[in-house]
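1. Have a look at this fold, sequence not included:
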C-alpha cells in the first residue's frame, strides 16, 4: 500500500485517497453534509414572516396611538426581515446544495410578501395625500 492509497473498510480493496466511491463494493466516501440542519436564515425567515403575517391579519383597530406606532414598526421590520432572510437563504442554498431549508425559505418569503406589498401600497397612497 502506497501513501496515495487506502484500504476500503468494507471490501479491503486498495483505492486512491481521493476516491469518491469504492469500485469493488460501491461504498461512498463523500464527506457528510456540511449542515444536516435547516439553514438558519430560512428558519428566521419563517419566524419573521409568520409574525408579519399575523400582524397583517390582526390589524390596528382599537389600539392606542403609541401601540399603533409600535405595531407598524414591528410589522415593517418583521415583514422586510422575513423577505430578505428568505431570499438570502435561497441564494445560500443554491450555492451549496448540501444544505437543507428550501421549503422553509419559500414559506418565509410567501408569508412576508403580502404584508410587505400591502405596506408599500399603504405608504404610497398615504404619501400622495
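-> Here it is on my side, so go on. Quantities reported herein were computed from a predicted structural model and do not represent experimental measurements.
2. what domains does the record give for the chain?
-> 1-30, 40-128 (automatic domain parsing).
3. could you point out the longest helix in the protein?
-> Longest helix in the chain by number of residues (criterion: DSSP state H): helix 65-95.
4. residues of that helix that come out buried?
-> Buried residues in helix 65-95, defined by neighbour count with 16 or more other Cβ atoms under 10 Å: 75-76, 78-90, 92-93. From N, CA and C alone the C-beta is placed, and that goes for glycine too.
5. Centre-most residue in this protein?
-> Taking Cα atoms, centre = their mean as the criterion, residue 42 is the residue nearest the geometric centre of the chain, at 1.9 Å.
6. What strand or helix carries that residue?
-> Take DSSP states H and E as the rule and residue 42 turns out to sit in helix 40-58.
7. what's the average pLDDT for that helix?
-> Taken as a whole, helix 40-58 has a mean pLDDT of 87.
8. Please apply the same query to stretch 70-89.
-> The average pLDDT within stretch 70-89 is 89.
9. any residues touching it, and which ones?
-> Residues lying outside stretch 70-89 but in contact with it, judged by Cβ atoms under 8 Å, 6 or more residues apart in numbering, are 39-42, 44-52, 55-56, 60, 63, 101, 104-106, 108-109, 111-113, 115-116, 119.
10. Next, count neighbours for the residue nearest to the residue nearest to the centre of the chain when sequence neighbours are not counted.
-> Taking Cβ to Cβ, 6 or more residues apart in numbering as the measure, residue 42 lies nearest to residue 101, with 3.5 Å between them; neighbours along the chain are not counted. Counted with other Cβ atoms under 10 Å, residues neighbouring residue 101 total 24.
11. Then the one 4 residues further on?
-> Counted with other Cβ under 10 Å, the neighbours of residue 105 add up to 27.
12. what's the spacing between it and residue 112?
-> Computed with Cβ to Cβ, to the nearest Å, the distance linking residue 105 and residue 112 is 11 Å.
13. that older thread, tell me which of the domains of the chain is the most buried.
-> With neighbours taken as mean count of other Cβ atoms under 10 Å, these reach their highest mean count in domain 40-128, at a mean of 17.
14. next one: that domain to chain centre, how far?
-> Relative to the chain's own centre, domain 40-128 is displaced by 13 Å; criterion: Cα atoms, centre = their mean, to the nearest Å.
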